[in-house]
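Q: Got a sequence here, can you model it:
(one chain, ligands or ions: 1)
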Amino acid sequence: MTTDLDFAPLRTERLTLRPLRAEDAAELHRLINDWEVVRWLSRVPFPYPRELADDWIASTHRQLAEGSAWHLAIVGQDGDTEVLVGCVGLTREADSRRAELGYWVGRRFWGHGVAAEAAGRLARWGLAHLDLDRIFAHVLEENARSGAVLQRLGLKESGRAEAHFLARNGRLPVVCFEGGREDMTEFPPTAEPVVPKAEPAAGAKPMLLVAACALVDPDGRVLLARRPEGKPMAGLWEFPGGKLEAGETPEDALIRELREELGIDVSAACLAPFTFASHDAGRFHLLMPLYLCRRWEGTVTAREGQALAWVRPNKLSDYAMPPADKPLVALLRDFL
Ligand SMILES: Nc1nc2c([nH]c(=O)n2[C@@H]2O[C@H](COP(=O)(O)OP(=O)(O)OP(=O)(O)O)[C@@H](O)[C@H]2O)c(=O)[nH]1
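A: Numbering: from 1, shown residues only. Next up, the predicted model:
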């Protein structure tokens, strides 16, 4: 049976990450039944029985369907032919916002940066689309090459431990790595903040002016939008809005952003100033007025493919939000 389980393949410059297929079993077995590959992996036996490839592929489908793990085939393209290169996986830790990253690459594909390209893509996808805050992994102490892959992704060494290695029939020392969305590299550089008219004094941080809005529906629920993959803080939930463009008032900017992002028309008279965030965001200082709006025209639609959620005020804290938003959420909860 071939099924892609409604999982849209993830692409990188050279690779595609897609659910494993029953037909991959023979090639997967050929690649992984190799001591040079298995010796670094903790949960894989050696020799690797051919039937295990079938069983394992079936188990990855069950995990994908239940949302507990995302084990994907790493495939490349040789002309018109798809080539299986290895596997990469993200496994959710029970009752936490962490997931474990793992990968292996067939020996003949070593030395081309495949692992970092695939693992980086899956880790960033996971942070953007699943309710995750941290990615962790462990590698054998002697596996410096794999440690370098994790460092390239931005994960930091978080400690030492021991893990059981099936093919070695024993416990061996491992190095643990961990990181969150702020650590993950390869984000496109953030657009330069809009600097208000007066140049900041030498050495002062530029001020970024962002207007945001809590849309409140007739049931008293507040709209949150999820920051999409590829942007800084991808996966966090925020109030719709955006940066002021040159010459705009905060109200102008909100009216424009709400139309662009959500397809609704709001009038300045319906934007009630509520509170503001003043937050040191590192490279710049964020000043963000937050408005309340209960009346608009049109139907709220995700015009930019972003996930949207209407959230009861007492549930707002279940959503991971940028640090600047935390005090705003508390005020909003008390007010609504
Ligand atoms: N809209 C909005 N932005 C927020 C919130 N909290 C918060 O820290 N911000 C920050 O304010 C800035 C909003 O800018 P933006 O939405 O126009 O721009 P962006 O970084 O998403 O990318 P862009 O330049 O491609 O538009 C980002 O740095 C964002 O992280 C919030 O609740 N709503």
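
Q: Is any residue of the helix or strand residue 334 falls within near the ligand?
A: Per DSSP states H and E, residue 334 falls inside helix 326-335. No: judged by C-beta under 6 Å from any ligand atom, helix 326-335 stays clear of the ligand, getting no closer than 7.4 Å. Bear in mind the C-beta positions are built from the backbone N, C-alpha and C, glycine included.

Q: With just CA atoms, put the helix or strand containing residue 82 into PDB.
A: Element membership for residue 82, per DSSP H and E: strand 81-92. What follows is strand 81-92, C-alpha atoms only, in PDB (Å, rounded to 0.1, in the frame of the first residue of the first chain):
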ATOM      1  CA  THR A  81      15.000   8.900 -10.900                       C
ATOM      2  CA  GLU A  82      14.300   9.300  -7.200                       C
ATOM      3  CA  VAL A  83      17.100   8.100  -5.000                       C
ATOM      4  CA  LEU A  84      16.700   7.100  -1.400                       C
ATOM      5  CA  VAL A  85      19.600   8.700   0.600                       C
ATOM      6  CA  GLY A  86      18.600   8.100   4.200                       C
ATOM      7  CA  CYS A  87      16.000   8.900   6.900                       C
ATOM      8  CA  VAL A  88      15.300  11.700   9.300                       C
ATOM      9  CA  GLY A  89      12.900  11.800  12.100                       C
ATOM     10  CA  LEU A  90      11.400  13.900  14.800                       C
ATOM     11  CA  THR A  91       9.800  12.200  17.800                       C
ATOM     12  CA  ARG A  92       7.600  14.100  20.200                       C
END
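
Q: How about residue 323, nearest residue that isn't a chain neighbour?
A: residue 279 (6.6 Å; C-beta to C-beta, 6 or more residues apart in numbering).

Q: Let me know whether my guess that that neighbour is in a helix holds.
A: No: looking at residue 279 with DSSP: H, G, I helix; E, B strand; the rest coil, it is strand, so not inside a helix.

Q: ok, it touching residue 288?
A: Yes: if you go by C-beta atoms under 8 Å, residue 279 and residue 288 touch, sitting 7.4 Å apart.

Q: quick one: which of these two has more around it?
A: residue 288 (24 against 19; other C-beta atoms under 10 Å).

Q: Can you pull the domain assignment for this protein?
A: Split into domains by the TED database, the chain comes to 10-183, 208-335.

Q: Overlap in contacts, residue 279 and residue 288.
A: Between them, residue 279 and residue 288 share these contacting residues under C-beta atoms under 8 Å, 6 or more residues apart in numbering: residue 324.

Q: Would you mind measuring from residue 145 to the ligand?
A: As for residue 145, its distance to the ligand is 35 Å (criterion: C-beta to the nearest ligand atom, to the nearest Å).

Q: Count the neighbours of that residue for me.
A: The local packing of residue 145 (other C-beta under 10 Å) involves 12 other residues.

Q: Help me confirm that it is found in a strand?
A: No: counting by three-state DSSP, residue 145 falls outside a strand, being helix.

Q: quick one, what contacts it?
A: By C-beta under 8 Å, 6+ apart, no residues touch residue 145.

Q: All further residue positions should be reported with the first residue as 784.
A: With the count now opening at 784, the last piece we talked about shows up as residue 928.

Q: Low-confidence regions, the stretch 934-1083 of the chain specifically.
A: Scanning the stretch 934-1083 of the chain for pLDDT under 70 picks out the ranges 969-986.

Q: about what we covered before: in contact with the residue nearest to residue 1106, which residues?
A: 1068-1069, 1071, 1106-1107.

Q: What about the residue lying closest to residue 1104 once chain neighbours are set aside, how many residues nearby?
A: Nearest non-adjacent residue to residue 1104, counting by C-beta to C-beta, 6+ apart: residue 1020, 5.3 Å away. Neighbours of residue 1020 under the rule other C-beta under 10 Å: 23.

Q: what's the distance between residue 1020 and residue 1098?
A: According to C-beta to C-beta, to the nearest Å, residue 1020 and residue 1098 sit 11 Å apart.

Q: Check residue 798 too.
A: For residue 798, the distance to residue 1098 (C-beta to C-beta) stands at 38 Å.

Q: cool, and residue 804?
A: Counting by C-beta to C-beta, the gap from residue 804 to residue 1098 is 39 Å.

Q: Kindly report the same for residue 870.
A: Residue 870 is 36 Å from residue 1098, by C-beta to C-beta.

Q: who does residue 794 bridge with?
A: residue 799 (DSSP bridges).

Q: and whichever residue of the stretch 784-933 of the chain sits closest to the ligand, what element?
A: Nearest to the ligand in the stretch 784-933 of the chain, going by C-beta to the nearest ligand atom, is residue 911, at a distance of 12.6 Å. According to DSSP H and E, residue 911 maps onto helix 897-912.
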